[in-house]
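Enquirer: Provide a 3D model corresponding to the input given below.
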Amino acid sequence: MRILLLGAHGQVGWELQRSLAPLGELIALDHNTPEPADFAQPDALTAMVERVAPDAIVNAAAHTAVDRAESEPELAHTINATAPGMLARVAAARGALVVHYSTDYVFDGSGQHARTEDAPTGPLSVYGETKLAGEQAVRESGARHLILRTSWVYGARGQNFPKTMLRLAQERAELRVIADQVGAPTGAELLADVTAHALRAVRTQPALAGTYHVAAAGETSWHGLAGFAIHTAKALRPDLPWRVERIEPIPTTDYPTPARRPLNSRLDTARLQTAFGLQMPPWQAGVRRMLTEFLAPT
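Expert: Got it, this is the predicted structure:
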C-alpha cells in the first residue's frame, strides 16, 4: 500500500509517521517539505496527489488556531474545508481511501452526556464550522473514508496545554484554570495508533468506513488536567524550580476568548471500540507517559 501523509510535522502527523510506516510505502509531506503540501493553495494539491498516486491519503493538516480563525475565516475555510474536499474528490477518482481528522468543536457543547457520531451538530466557532464543512465535503466526494473526531489533543512534540501549565507552574505561585469545560485529553500517539489500526481494517473490510469518535477513556476539566499534569511532573522532576502553590478553578466566563469553546466535549467511542475491537486507555495513562518522555533529563 502507498500512503500519502499530509501535515506530517504537526503533533499528530509526527506520530503518524511512526504508526503508518509498517503498513506500506509512506510519503510524508508538509508545507515546508521539499515537495510542499500547502493547504492554503488547494489547487496545487490535486497535481501532487496525481504524482504520488497513493492508495490512501491521511490528512493531518488543519487550521487549528481556534481564536485566530475568528479573524481569518476565509483562510480557515480554505484549509479545513475546501482543501480536504478537493483531496477527497481526487481520491474518489483514484479509488483511494481518505482518512480525515475532525473535532468535538463540531458540537455545541450543551448537556452532560457524551456525543455519539450521529448526534446533531452545532458548532460555536469559525473553527468548528470549517471543520464540520470539511467533514461534509469528504462525505459528499464519494471517496471511501474514515472521519475521526477527537478532542483535546496533546503530544510530546510541539506546544500544548499540559506543557504550558508546567511552564507557568515554574513562573507563578497561583494559576487560574477553567473548570467548567469537560472532555478527554487524547494523546497524538493514541490517535496515530488507532488510525493505523482502522486504516488497515478498512482496507480489507470496506464496510467499516465512516465516521468515528476517538478519545481516551474518562473525562476531566482543564483545571483537572492542569492539576494532574503538575502533580505528576513534580513527582517526576522534583529538582525543577516549581513555584505554583494553588490552582484556582474558574468558569469560562472569567476567561473570555474570541472563539466560543464547547463546555461539554465528551465523545462516545463505543462505535469505534466495537467496530475495530479496541479499548481506549484512560486519559491519565497517556498524559503520564507524555510527561515522562518530555521531562526526561537530557
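Enquirer: Which elements pack onto the lengthiest helix in the chain?
Expert: Ordering each helix of the chain by length in residues (DSSP state H) puts helix 188-204 first. Applying 3 or more CB pairs under 8 Å, 6 or more residues apart in numbering; DSSP states H and E, we find helix 188-204 packed against helix 11-20, strand 56-59, strand 97-103, strand 145-150, strand 153-154, helix 270-276, helix 283-294. C-betas here are computed from N, CA, C, even on glycine.
Enquirer: Can you list the buried residues in it?
Expert: Across helix 188-204, burial judged by 16 or more other CB atoms under 10 Å covers 188-203.
Enquirer: from memory Arg266 sits against Ser221, does it?
Expert: No: assessed by CB atoms under 8 Å, Arg266 is found out of contact with Ser221, at 11.4 Å.
Enquirer: Between those two, which is the more surrounded one?
Expert: Neighbours per residue, other CB atoms under 10 Å: of Arg266 and Ser221, the larger number sits with Arg266, 22 against 18.
Enquirer: distance of the residue nearest to the more buried one when sequence neighbours are not counted from Leu20?
Expert: Nearest residue to Arg266 in three dimensions, chain neighbours excluded: Ala114, at 3.8 Å (CB to CB, 6 or more residues apart in numbering). Distance, Ala114 to Leu20, using CB to CB, to the nearest Å: 28 Å.
Enquirer: Which one of the two is surrounded by more residues?
Expert: Leu20 (25 against 19).
Enquirer: show me what contacts the more buried one?
Expert: Contact analysis of Leu20 by CB atoms under 8 Å, 6 or more residues apart in numbering lists 3, 5, 26, 58, 192, 195-196, 199.
Enquirer: any chance of the residues you listed in TSV, plus pLDDT?
Expert: TSV is the format used below for those (pLDDT from 0 to 100):
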residue	pLDDT
Ile3	97
Leu5	96
Leu26	95
Val58	97
Ala192	97
Thr195	98
Ala196	97
Leu199	97
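Enquirer: so where do the helices sit in the stretch 1-150 of the chain?
Expert: 11-20, 43-52, 66-69, 73-77, 83-94, 126-140 (DSSP state H, counting those that start in this stretch).
Enquirer: Per-residue pLDDT of Asp193, please?
Expert: pLDDT, Asp193: 97.
Enquirer: That one contacts Pro22, doesn't it?
Expert: No: using CB under 8 Å, Asp193 is not in contact with Pro22; the gap is 11.2 Å.
Enquirer: Please name the residues that touch His77.
Expert: His77 touches 126, 130, 133, counting by CB under 8 Å, 6+ apart.
Enquirer: Adding distance to Val90, write the contacts of Leu20 out as TSV.
Expert: Shown next, in TSV, are the contacts of Leu20 (distance: CB to CB, whole Å):
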residue	distance to Val90
Ile3	15
Leu5	15
Leu26	19
Val58	14
Ala192	24
Thr195	20
Ala196	22
Leu199	18
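Enquirer: any idea which of the residues you listed is closest to Gln284?
Expert: Gln284 lies nearest to Ala192 out of the contacts of Leu20, by CB to CB, at 19.2 Å.
Enquirer: hang on, that closest one packs against Leu16?
Expert: Yes: at 4.6 Å, Ala192 counts as touching Leu16 under the criterion of CB under 8 Å.
Enquirer: Does the residue of the chain most remote from its centre belong to a helix, a strand or coil?
Expert: Distance from the C-alpha centroid of the chain, by CA atoms, centre = their mean, peaks at Asp239 (32.3 Å). Here Asp239 takes the coil state, with states given by DSSP: H, G, I helix; E, B strand; the rest coil.
Enquirer: how near is it to Leu295?
Expert: Distance, Asp239 to Leu295, using CB to CB: 10 Å.
Enquirer: Ok, Pro54 next?
Expert: According to CB to CB, Pro54 and Leu295 sit 37 Å apart.
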